[in-house]
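Colleague: just need the structure, nothing else, for what follows:
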Amino acid sequence: MFVHKLECFSPPFLSSHLISIALERKKSKHLLLCFLFCLSFSQFLLSTCFSFSNSTKICSHGQCLTLLQLKKSFSIKNSYSDYFELFQLPSYPKTDYCKEGSDCCPWEWVSCDWVTGHVIELDLSCSWLSGTIHSNSALFCFPHLQRLNLAFNNFSGSSVSAGFGRFSSLMHLNLSYSGFSGLISPEISRNRGSEFARDGFDSLVQNLTKLQKLHLSGISISSVFPNSLLNRSSLISLDLSGCGLHGRFPDNDIHLPKLELLSLWENSNLNGNFPRFSENNSLINMYLSFTNFSGELPASMGNLKSLQTLDLSDCQFFGSIPASLENLNQITSLSLDGNHFSGKIPNIFDNLRNLISLSLSWNNFSGQIRSSIGNLTNLYGLYFSHNQLEGAIPSPENENGFSSLSFVCLGYNLFNGTIPSWLYTLPSLVELDLSHNKFIGHIGEFQFYSLEKIDLSMNELHGSIPTSIFELVNLSSLKLFSNNLSGVLETSKFEKLINLTYLDLSNNMLLLTMSVHSNSMLPNIQILDLSHNNISGILSWNVGKDTLRYLNLSYNLITSSMSVLDLSSNNFGGMLPHCLGNFGKDLSVLNLRRNQFHGTIPQTFLKGNSIRTLAFNGNQLEGQVPRSLINCRELEVLELGNNKINDTFPHWLGALPKLHVLVLHSNHFHGHIEFSKIKSPFMSLRIIDLAHIDFEGDLPEMYLRSLKAIMNIDEGNVTRRYMGDTYYEDSTVVTIKGLEMEFVKILNTFTTIDLSNNKFQGEIPECIGNLNSL
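Modeller: Residues are numbered from 1 along each chain as shown. Okay, the predicted model is just below:
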């Protein structure tokens, strides 16, 4: 009588929280859960996607017209494209494939009763629909409807109206991630007035007496849990995750013998104790994470013998784990992390041999891990971090045990001894976190190259870094800081780690030597911390040219011959370090243009420095121009534009004999440009940009007479070249005719003066006519 038709089913794990975690890979544990949930629900999805066969009975003309009217009430817009792609959900505009005047029963999104011709199913899930469903929508003109799926569309502004309560034959209702919001309409309770907005959800459930599956995930109905749901003995699947449920979940025993799925997660204001099920239950998956459920776990949870997934993470449960948990011998995923559990972990693992994911992190467990954990040969993820566990880590029951183990996160505990040798032989290991423990001894050699993240920081490990680490081509994060590691590292060893974004080797005793062919190591590094080591000599390592966000080389023995430091056009922030003006006698170029630095420019430029170019344009620097710049006798380019510097004209810069470029535009300079006591100030200046400042008074005739570099230049006798040297050519950003222009190279014959947008007054000095090389 019936055939299966694949529908876009919305499994309960597709909450906004988990989707954002999966997109940003914020926690590897949740990535693992995504994988496990997809795996565990794949068969469930197919088995529950019922639809009815195309009918030999022709759909009535009235039904066809109503369906076409429904189609016309929506527009087509793919609002969930990221979700569809992430979870590989089939999606397309289903309503495009129907024609006016044809029989509606063969339409893909419609199923009919083969005897009566009545429309009994509408599957519009993942159909790119957009619009508002009002209480008088054509949707509610199908009184014989048994299954309705509107999941993953965009019906923003719609509320769950009275129409849904009219489907007295409805067995399946799926509105997940469809944009419904607000309180369930009080019209659902007929003739009882607006006071029923508060318990409209309960009224809706009471009307749907044949309900088997109710999925309202992510639609924010903001209601208390409807008690009448617990009286629906026909209920098979209940997903109310991310709905804004509040109040208290009923404390009475649950007698729902057919219920296989209970998903209430991400309802942070929903209180209650762990639900009590009778022995006569079929529960397979329970998700209560990110709710306010609390209390101790009851021994009755051992009744859930069909349970495969139990997620209680980030709740308020406390106490010890009941021994009855060992009865859950079908369980594949157990997540108790982020609670207040305490005491020793009971010896329950002998019977839990189907476990794939085991997460007890962020609790107060103490004592040792039971050796029976070695029986969990199917384990994929082991998460025990942030507890008070101690002793040694147990070994698998045989040499091939843990062959599927990919995530081992045991950080922030009290484990001691050497790192178990079997951890180095795991063929599928992706992440290893043993940080903040008391491990001693050497780091062994890894036998496989699947690792992406290693964190062994804050232990008591010693010896050298094993060579196998530098063969891990997929490695993105390596944290070995705060150990006693020693030895010499050649920069060439890092050449295969092209995916590394985070490297922290700080607080060790490492030496670093520069290799001849190591000028382009770590091209994607974002965070590099080598501080507190024994690194000495010359450091000229080109890393993370376009990616580096944090660099710490402090507390080493580095002697630098660095001549150019160009960090321009990044997002560096904070205040400039006080050592900036004492960066070594060889530094000639310091380019910090277009960043987010704030505060003042340090007053620490010492005598005898070799600085030729200072570029601070496009930050948020304030205060005054540091007077110690007078010590920069080699300075040719000074660029301070587009900041918040508040000062008078720095006339004393006129004593710098080689200053060619002075850019001060778009700051908070003020006052008159006073006369200088220097005999011939600014004699070498060729580019002057004082635009968009509040200077006032007469134009500075004295300075205009001193600009010898802009007077009577015989370009025919001047060798044209670009400012800079063979390995770094200067650039600048100046205002010309009111527009900012960037010159990536500065020709030595180029001259310009811009004094626009100030408050100068009086006569224009005749000496401007002498600047005939402008």
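Colleague: burial of residue 315, as a residue count?
Modeller: Residue 315: 24 surrounding residues under other Cβ atoms under 10 Å. For glycine as for every other residue, the C-beta is placed from the backbone atoms N, C-alpha and C.
Colleague: what's the answer for residue 404, then?
Modeller: Residue crowding around residue 404 was assessed by other Cβ under 10 Å; the count is 15.
Colleague: next, give phi and psi for it.
Modeller: Backbone geometry at residue 404, expressed as degrees, to the nearest 10, gives phi -100, psi 0.
Colleague: contacts only, for it.
Modeller: Neighbouring residues of residue 404 by Cβ atoms under 8 Å, 6 or more residues apart in numbering: 356, 377-380, 428.
Colleague: ok, of those residues, which one's closest to residue 536?
Modeller: Using Cβ to Cβ, residue 428 comes nearest to residue 536 of these, at 40.1 Å.
Colleague: beyond the longest strand anywhere in the chain, next helix or strand please.
Modeller: Ordering each strand of the chain by length in residues (DSSP state E) puts strand 484-490 first. Counting by DSSP states H and E, the next helix or strand C-terminal to strand 484-490 is strand 502-504.
Colleague: run the chain-centre distance for that following strand.
Modeller: 18 Å (Cα atoms, centre = their mean, to the nearest Å).
Colleague: list the contacts of that strand.
Modeller: By Cβ under 8 Å, 6+ apart, strand 502-504 touches 457, 476-481, 522, 525-529.
Colleague: show me what secondary structure element comes after it.
Modeller: Using DSSP H and E, the helix or strand that follows strand 502-504 in sequence is strand 509-513.
Colleague: report all helices and strands that that next one contacts.
Modeller: Judged by 3 or more Cβ pairs under 8 Å, 6 or more residues apart in numbering; DSSP states H and E, the packing partners of strand 509-513 are strand 484-490.
Colleague: who does the strand it packs on pair up with?
Modeller: Looking at strand 484-490 with DSSP bridges, its partner strands are strand 460-463 (parallel), strand 509-513 (parallel).
Colleague: give me the buried subset of the contacts of residue 404.
Modeller: Buried members of the contacts of residue 404, scored by 16 or more other Cβ atoms under 10 Å, are 356, 377-380.
Colleague: show me which of the residues you listed is closest to residue 730.
Modeller: residue 380 (56.0 Å).
Colleague: next, the residue lying closest to the closest one once chain neighbours are set aside: phi, psi?
Modeller: In this structure, residue 380 finds its nearest non-sequential neighbour in residue 356, 4.7 Å apart by Cβ to Cβ, 6 or more residues apart in numbering. Main-chain dihedrals, residue 356, degrees, to the nearest 10: phi -110, psi -40.
Colleague: thought residue 356 was touching residue 331?
Modeller: No - Residue 356 lies out of contact with residue 331 (Cβ atoms under 8 Å); the separation is 9.2 Å.
Colleague: the residue nearest to residue 380: what's it in contact with?
Modeller: By Cβ under 8 Å, 6+ apart, the residues touching residue 356 are 36, 332-333, 378-381, 404.
Colleague: what's the answer for residue 255, then?
Modeller: By Cβ under 8 Å, 6+ apart, residue 255 lies in contact with 230, 233, 278, 280.
Colleague: what bridges to residue 263?
Modeller: Beta-bridge partners, per DSSP bridges, of residue 263: residue 239, residue 287.
Colleague: that one and residue 123: what is the separation?
Modeller: For residue 263, the distance to residue 123 equals 21 Å [Cβ to Cβ, to the nearest Å].
Colleague: residue 122 in helix, strand or coil?
Modeller: When classified by DSSP: H, G, I helix; E, B strand; the rest coil, residue 122 comes out as strand.
Colleague: tell me how far residue 202 lies from residue 546.
Modeller: From residue 202 to residue 546 the distance is 57 Å (Cβ to Cβ).
Colleague: sounds good, over and out.
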